[in-house]
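# Sequence below, structure please.
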Amino acid sequence: VLGLLVWALIADTTYHLHAAYGWVMFVSIFFWIVTVLFFVTYLLQLQLKFHAIPWPLVLMIFNAVATVLYVTAFVTCAAAVQPTSWRQWDYNRRAAASFFACLVMVAYGASTFFSFRAWKGFGSNAATSQVTDHA
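Residues are numbered from 1 along each chain as shown. So this is what the prediction gives:
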């Protein structure tokens, strides 16, 4: 939802006049679409049908790349906001998009942390670790 807000707020401005917002639009739309695809994959439990794919590793890499690229998109979006814009509504929408881009960046960062823990197997209890040790 936050990623949708980022690209919807930018798309509602005259972003085509500023080249920096093209990058923000690309990052936000691309990762919004891929995140929705991953969500549908897990919602329909399609990951269980593809045993050869290491899903925890794939999600960790995806979240790490999304975090790094959202850092660049947030910095770009925040730096391109001009308070002296002749269109006040563009300023408000771009400032809000910068705020939501920061929230999305933090959310992907937290997802990276938790997917790293899932990939490494942290947080397993004693029963699961004993079962896997004897198998």
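# which ones are touching residue 94?
Neighbouring residues of residue 94 by CB atoms under 8 Å, 6 or more residues apart in numbering: 9-10, 13, 21, 77, 80-81. For glycine as for every other residue, the C-beta is placed from the backbone atoms N, C-alpha and C.
# Need the pLDDT of it.
Listed pLDDT for residue 94 reads 83.
# how near is it to residue 14?
Residue 94 sits 10 Å away from residue 14, going by CB to CB, to the nearest Å.
# Repeat that for residue 68.
Taking CB to CB, one finds residue 68 at 28 Å from residue 14.
# More neighbours: which of these two?
residue 68 (14 against 11; other CB atoms under 10 Å).
# Could you double-check that residue 64 sits in contact with residue 114?
No. Residue 64 lies out of contact with residue 114 (CB atoms under 8 Å); the separation is 11.9 Å.
# Just the local confidence number for residue 134, please.
For residue 134, pLDDT reads 52.
# which ones are touching residue 56?
Per CB under 8 Å, 6+ apart, neighbours of residue 56: 115, 118-119.
# Counting only strands, which of those residues make the cut?
Per DSSP state E, strands hold no members of the contacts of residue 56.
# among those, who's most crowded?
residue 115 (21 neighbours).
# Against residue 53, how distant is residue 4?
27 Å.
# Looking at these two, which is more packed in?
For residue 4 and residue 53, the more surrounded residue by other CB under 10 Å is residue 4, and the numbers stand at 15 against 9.
# That one sits in which helix or strand?
Under the criterion of DSSP states H and E, residue 4 resides in helix 2-11.
# With residue 66 instead?
Here residue 66 is assigned to helix 55-80, by DSSP H and E.
# ditto for residue 91
Assigned by DSSP H and E, residue 91 falls in helix 88-120.
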